[in-house]
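> let me see the structure of the following:
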Amino acid sequence: MVKIDTNGSFPEVLRKLIDGNLLNYIAMDVKAPLEKYGEVTKASIVPEDIEESIKLIMNSGIDYEFRTTIVKSLLTGTDIEKIGILTGGARCHVLQKFVPSKTLDPGFMNEGTHTDEEIGNIKEKLEKLVQSVIVR
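Numbers count the residues shown, from 1 in each chain. Now for the predicted structure:
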């Protein structure tokens with residue numbers, strides 16, 4: 001079995017892998033609503049590439065999941081709903097609770113995290129937009 005983890009910024013590579021029948025599973029991190037991607041990732045991202053990758057994955061016939069790590073200071077409940085609209089109808093969207101001990105940016109070590117209740121509320125909103133929501 002071959003699984004790929006992607007941030008979706010290179011849809012042309014993803015298309016080649018899909019068209020070549022080289023993948024059994026795709027996991028894509030969806031970091032933010034398109035209008036906040038650059039701010040959240042602190043990278044130069046082409047929003048249309050993210051959108052194209054999402055469509056490619058959803059139409060590929062390959063099993064997949066989309067994932068979003070919820071950092072309290074970066075994403076609001078409204079942002080998560082916008083992400084849900086972006087991945088609307090997806091088979092599976094995984095919400096990952098931010099864990100300050102697992103970060104490459106030391107600035108996030110003191111970052112607050114959502115309570116289980118807050119995550120539950122976000123999950124309920126997302127469940128209206130996608131087929132399945134898992135919290136990790």
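
> only C-alpha atoms for contact and neighbour calcs from this point on.
Noted.

> quick one: low-confidence ranges for the chain?
Confidence mapping of the chain against pLDDT under 70 gives the ranges 102-103.

> mind listing the strands in it by residue range?
Along the chain, the segments classed as strands by DSSP state E run 3-6, 25-29, 63-70, 93-97, 133-135.

> what helices or strands is the first one leaning on?
Read that as strand 3-6. Here strand 3-6 touches strand 25-29, going by 3 or more Cα pairs under 8 Å, 6 or more residues apart in numbering; DSSP states H and E.

> now the strands of the chain as a markdown table including distance to Ile80?
Listed next are the strands of the chain as a markdown table, based on distance: least, Cα to Cα, whole Å:
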| stretch | distance to Ile80 |
| --- | --- |
| strand 3-6 | 19 |
| strand 25-29 | 13 |
| strand 63-70 | 8 |
| strand 93-97 | 9 |
| strand 133-135 | 12 |
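
> any chance of those in CSV, plus mean neighbour count?
Conversion of the strands of the chain to CSV gives the following (neighbours: other Cα atoms under 10 Å):
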stretch, mean neighbour count
strand 3-6, 14
strand 25-29, 19
strand 63-70, 21
strand 93-97, 21
strand 133-135, 17
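
> to Val40, which of these lies closest?
Between Val40 and the strands of the chain, the shortest gap by Cα to Cα is with strand 63-70, which sits at 11.0 Å.
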